[in-house]
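> Based on what follows, work out the 3D shape:
(one chain, ligands or ions: 1)
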Amino acid sequence: MRKLFLLICFCCGLQAVHAQEQKMDEVPESIQRETLEKLNIYKDKLAEVRKWVAYRRENDNTTSSRVGAIHTTFRWPMRVNSNYDDIPEFYTVSNYMDINRDSAGSSQDWRCYTGGMAMNYRGHEGNDYSLYPFFWRMQSNKNAFAVAGADGIVIAVRDSINNDLNCMRDNFEDDRANYVAVLHIDSSISRYLHIKTGSALVQEGQFVQEGQLLANIASSGNSSNPHLHFDVQDTRDNTGAYDFIEPFDKPTDNVFGTGCNPFITASRWQQQKNFINPQLLRVATHSGAPSMTGFINTSYTPNFCPEVELPRLKAQFAAGDFITVGAALSHVGRDDSVNVRILYPNKVQWTSGSLPVPNTSGSPVTGWFRNIYLVKSFQLPANAPSGTYTIISDFVYRPFDTTSQFGVYYPESAFQYRTIQTYFTVGCTPSITLSGAANFENGYIVSNDLVSTQQINAKVTYQSANYIQLNPGFVAPQGTVFKARIRDCNHSD
Ligand SMILES: [Zn+2]
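The predicted structure follows:
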């Protein structure tokens, strides 16, 4: 079924190159049929899975699942490669479930917002978690994983559909989506949709532990951009019917009482995240304003992709060059901003600037954005000294109020003050080659022996946000040599 969707792009000088709004997907009926068929096949195996979970709990204490618990609770079901960034699990919630999907009328989310205010769209049966920024690049480089939300048995795997770069919801035939489904010991099912072709790390019938890597996140199926669609089916507490549930519930504030989730009586998360999560995700330097316009396509013409995202990431400059500083944010409003200070190699301040969230139309309410990428350009002086420059970026977040920001009070927004330091070099090469000793899990590097504050040698300190990144992806055999960007110039290990 074709549905309207809204994508808003705006350019405001060089202030914001990309504002990403509602993302869409749809779970095909064929997948739902398949999931339920598999449920019938595999529910007989549950006794075995429960035994396995009980054994692990007893003997190696490696699971949080409790046999006999009324409901399974989930950990966050996605994460990035441990060396990709310093945001290990969480990008942006783009859509919650439409808790009114069974009924006529408008959509509603678990915080009771309805219609255009709701953080979802009509009929959505799960949650969407976006990769941001540069999601096309992230999916190409296999930077993000879907991971099992809880212990269970894999009941369905499909990773043979080759449309990872799908960038619009469309009238594709029913079965064009890759996904994994896991049956849990309380008989609930979690599903992970839009995974990358050929990336599944598990097989049907396999027991999986909470947090185990399932597959890479992409945009296969009826999807407008790389993201994870996570949905949960279980017996609804109120009716006993087996159907989709929204795992978010019971907010801690009292603005809407206990919220509006009609399906459950307690959160199905081990640690529930807030409804709104204002964040400065990442700061980077570029040769010019990056383009993310692969996403911004209002045409329904099939096979518009491949996309045309141009990150233009650059960390080495020469005196006199223009440097574009880019800041990726999520869940922010028009009064929020990022303030940057740029320091010379000797730590004396060179310049400063502000990157404000523009006051313009967004969705679901004016001046509010699920994701936005702000940029500002600076020109290095002709006599800029060589060396490593530091950018200190402060996220300035204005508390919500009922009038000035959104015209509405969004409850339970947990602001975390965040300062990010980013580095670039002028007149020298910041690269270094390190021999990485990695730990492996299913053939993928999940961590290595460089930790966030470890001193590698007298001149080099590894810092996860900016300095070490496997190049170009992270799938590597034992003995792989890692390329790392470091803060010192002209250094060799
Ligand atoms: Zn979805």
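> per-domain residue ranges of the chain.
Domain assignment of the chain by automatic domain parsing yields the ranges 24-245, 431-485.
> Right, and the ion sits closest to which residue of this protein?
Sorted by distance to the ion under C-beta to the ion, the residues of the chain start with H229, at 3.4 Å. Bear in mind the C-beta positions are built from the backbone N, C-alpha and C, glycine included.
> what secondary structure does that residue sit in?
Following DSSP: H, G, I helix; E, B strand; the rest coil, we place H229 in the strand state.
> check contacts around the nearest residue to it once chain neighbours are set aside.
With sequence-adjacent residues excluded and distances taken as C-beta to C-beta, 6 or more residues apart in numbering, H229 is closest to L193, at 4.0 Å. Shown in contact with L193 (C-beta atoms under 8 Å, 6 or more residues apart in numbering): 25, 27, 31, 126, 177-179, 221, 223, 228-231.
> quick revisit: the residue of the chain closest to the ion: neighbouring residues, count only.
29 (other C-beta atoms under 10 Å).
> how near is it to V180?
H229 is 11 Å from V180, where distance means C-beta to C-beta, to the nearest Å.
> Report the set of residues contacting both of these two.
Each of 191-192 lies in contact with both H229 and V180 under the rule C-beta under 8 Å, 6+ apart.
> Which residue ranges of the protein form helices?
Using DSSP state H, the helices found in the chain span residues 29-42, 46-59, 135-140.
> in the stretch 351-493 of the chain, which segments are predicted with low confidence?
Of all residues in the stretch 351-493 of the chain, those with pLDDT under 70 make up the ranges 360-367, 399-417, 429-493.
> now the chain
Per-residue confidence for the chain (pLDDT under 70) gives these ranges: 1-26, 82-90, 168-175, 251-257, 293-308, 360-367, 399-417, 429-493.
> ok, 50 please
Counting by pLDDT under 50, the chain contains low-confidence ranges at 1-23, 171-174, 295-304, 362-364, 401-412, 430-487, 490-493.
> residues from the stretch 351-493 of the chain in reach of the ion?
Nowhere does the stretch 351-493 of the chain come near the ion, counting by C-beta under 5 Å from the ion.
> that older thread, is the residue nearest to H229 bridged to anything, and to what?
On the basis of DSSP bridges, L193 takes part in beta bridges with Y179, H229.
> For T235, see how far away it is.
In this structure, L193 and T235 are 22 Å apart, going by C-beta to C-beta.
> returning to what we had before: hang on, the residue of the chain closest to the ion packs against V27?
Yes: using C-beta atoms under 8 Å, H229 is in contact with V27, at 7.1 Å.
> shared neighbours of these two, which are they?
When contacts are counted by C-beta under 8 Å, 6+ apart, the set common to H229 and V27 consists of 126, 191, 193.
> just those that are near the ion?
Here nothing survives when these are matched to the ion using C-beta under 5 Å from the ion.
> mind putting those in a markdown table, distance to P311 included?
As requested, these are arranged in a markdown table below (distance: C-beta to C-beta, whole Å):
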| residue | distance to P311 |
| --- | --- |
| G126 | 29 |
| R191 | 30 |
| L193 | 25 |
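> Near the ion, which residues of the stretch 151-300 of the chain are found?
Checking the stretch 151-300 of the chain against the ion by C-beta under 5 Å from the ion, the hits are H229.
> Could I get the full set of strands for the stretch 151-300 of the chain?
Read by DSSP state E, counting those that start in this stretch, the stretch 151-300 of the chain holds these strands, from start to end of the chain: 152-158, 179-183, 189-193, 207-208, 213-216, 227-235, 242-245, 279-286.
> what's near enough to touch D231?
Applying C-beta under 8 Å, 6+ apart, the residues near D231 are 27, 97, 125-127, 190-191, 193, 244.
> Excluding covalently adjacent residues, which one is nearest to it?
Excluding its sequence neighbours, the residue lying closest to D231 (C-beta to C-beta, 6+ apart) is G126, at 2.8 Å.
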